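**Student:** Starting from these lines, generate the structure:
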Amino acid sequence: MHNSGKVTVLGFPCNQFGAQEPGSNEEILAFATTKYQANFPLFAKIEVNGVNAAELYKWLCQALPDDEGKQPIAWNFAKFLIDTTGKPVKRYHPKVTPEEIGAELG
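**Tutor:** Next up is the predicted model:
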């Protein structure tokens, strides 16, 4: 688990963006850990947009629309920062790296 004492990263695979996650949950986990050395909790594949979106993402997207005021997630690797009380704090564009977020948090 990636936990620096301040931040815990959680991963939610989704196949709604260019069919980039077509595999099973086991295949996705193996790929993420071998190719990218992912060391954080990786959950089962979910949908993040549309009528079948996971409740977590419905809530996050409603609480934190993107920079253009849109709720749906535009592309893989969108990130949300949630504080220790469970309050959504900020939504990050998919191209923002975890390192950039870490630097912002100090």
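
**Student:** When you work out contacts or count neighbours from here on, use the C-alpha atoms and nothing else.
**Tutor:** Will do.

**Student:** For the residue most central in space within the chain, list each beta-bridge partner.
**Tutor:** Centroid-nearest residue in the chain, with Cα atoms, centre = their mean: Lys79, separated by 4.6 Å. For Lys79, the beta-bridge partners are Tyr92 (DSSP bridges).

**Student:** Pretty sure it sits against His93.
**Tutor:** Yes: with contact defined as Cα atoms under 8 Å, Lys79 reaches His93; the gap is 6.7 Å.

**Student:** Restricting to C-alpha, output stretch 40-50 in PDB.
**Tutor:** C-alpha atoms of stretch 40-50 as PDB (Å, rounded to 0.1, in the frame of the first residue of the first chain):
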ATOM      1  CA  PHE A  40      -1.400   0.600  -3.900                       C
ATOM      2  CA  PRO A  41      -4.800  -1.000  -3.500                       C
ATOM      3  CA  LEU A  42      -6.400  -1.800  -6.900                       C
ATOM      4  CA  PHE A  43     -10.100  -2.400  -6.800                       C
ATOM      5  CA  ALA A  44     -12.300  -4.400  -9.100                       C
ATOM      6  CA  LYS A  45     -13.100  -2.900 -12.500                       C
ATOM      7  CA  ILE A  46     -16.000  -0.400 -12.400                       C
ATOM      8  CA  GLU A  47     -17.800   2.100 -14.600                       C
ATOM      9  CA  VAL A  48     -17.200   5.700 -13.700                       C
ATOM     10  CA  ASN A  49     -19.700   7.400 -16.200                       C
ATOM     11  CA  GLY A  50     -23.200   6.800 -17.200                       C
END
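
**Student:** State the mean pLDDT of it.
**Tutor:** For stretch 40-50, mean pLDDT rounds to 96.
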